[in-house]
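A.B. asks: A predicted structure for the sequence below; I have some questions about it.
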Amino acid sequence: MHLVVGHDGHPAADAALAVAVDLAERLGADVHVVHCVAVEDYGVDPDTEQFESDRDRNVAQERTTIEAALRRATVPWTYHEERGEPAARIGRLADELDALFIVVGASHRGLFHHLTGASVSRRLLHGQPRPVLVVPIPQS
């Protein structure tokens, strides 16, 4: 049994990861964490030498954050770094694994949302044959 969780480094994604791990522990499922390299992972100016190194540093930091969050997890987990549109990549992995659920954080109205007019969670809700659990942004 598999759960696929999208993670983009925002607080709602952290909450989604915690919910996915809790659910996986209850169900005896494996957790598959997907980070899709996005515009937000790159530096601000594509004409600078550090543009690609900023991406590499940010993607490595995302992986370190995931590993730290899952250090005490009692369920098997796998990290997937993907390239491409996040909802499509998350959905494809869920299809490949025949995942029971997809777990994502609620929209944080980031750059991707503004560029496409639709959040990843909304695209998954309207384009997936399997249940999508959308975890709200944590209240401070």
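C.D. replies: Everything's here; your move. Numbers count the residues shown, from 1 in each chain.
A.B. asks: Can you give me the neighbour number for Asp8?
C.D. replies: 22 (other Cβ atoms under 10 Å). For glycine as for every other residue, the C-beta is placed from the backbone atoms N, C-alpha and C.
A.B. asks: Is it in contact with Cys36, as I believe?
C.D. replies: Yes: counting by Cβ atoms under 8 Å, Cys36 is a contact partner of Asp8 at 7.4 Å.
A.B. asks: Need the residues touching each of the two.
C.D. replies: Common neighbours of Asp8 and Cys36, using Cβ atoms under 8 Å, 6 or more residues apart in numbering, are Pro86.
A.B. asks: Which parts of the protein are strands?
C.D. replies: For the chain, applying DSSP state E gives strands covering 2-6, 30-37, 77-83, 101-105, 132-135.
A.B. asks: got the CA coordinates for the fourth one in PDB?
C.D. replies: Listed next in PDB are the C-alpha coordinates belonging to strand 101-105 (Å, rounded to 0.1, in the frame of the first residue of the first chain):
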ATOM      1  CA  PHE A 101      -4.200   8.400  -1.600                       C
ATOM      2  CA  ILE A 102      -2.400  11.500  -2.700                       C
ATOM      3  CA  VAL A 103      -1.700  14.000   0.100                       C
ATOM      4  CA  VAL A 104      -0.900  17.600  -0.600                       C
ATOM      5  CA  GLY A 105      -1.000  20.900   1.300                       C
END
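A.B. asks: average pLDDT for that strand?
C.D. replies: Strand 101-105 shows a mean pLDDT of 93.
A.B. asks: Give the pairing partners of that strand; include direction for each.
C.D. replies: strand 2-6 (parallel), strand 132-135 (parallel) (DSSP bridges).
A.B. asks: Make CSV from these and add mean pLDDT, mean neighbour count and distance to Ala68 to it.
C.D. replies: Output for these, formatted as CSV (pLDDT from 0 to 100; neighbours: other Cβ atoms under 10 Å; distance: least, Cβ to Cβ, whole Å):
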stretch, mean pLDDT, mean neighbour count, distance to Ala68
strand 2-6, 95, 26, 15
strand 132-135, 92, 20, 19
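A.B. asks: Just tell me which of those strands ends up closest to Ala87.
C.D. replies: Nearest of those to Ala87, taken as Cβ to Cβ: strand 2-6 at 8.3 Å.
A.B. asks: That concludes my questions; thank you for your assistance.
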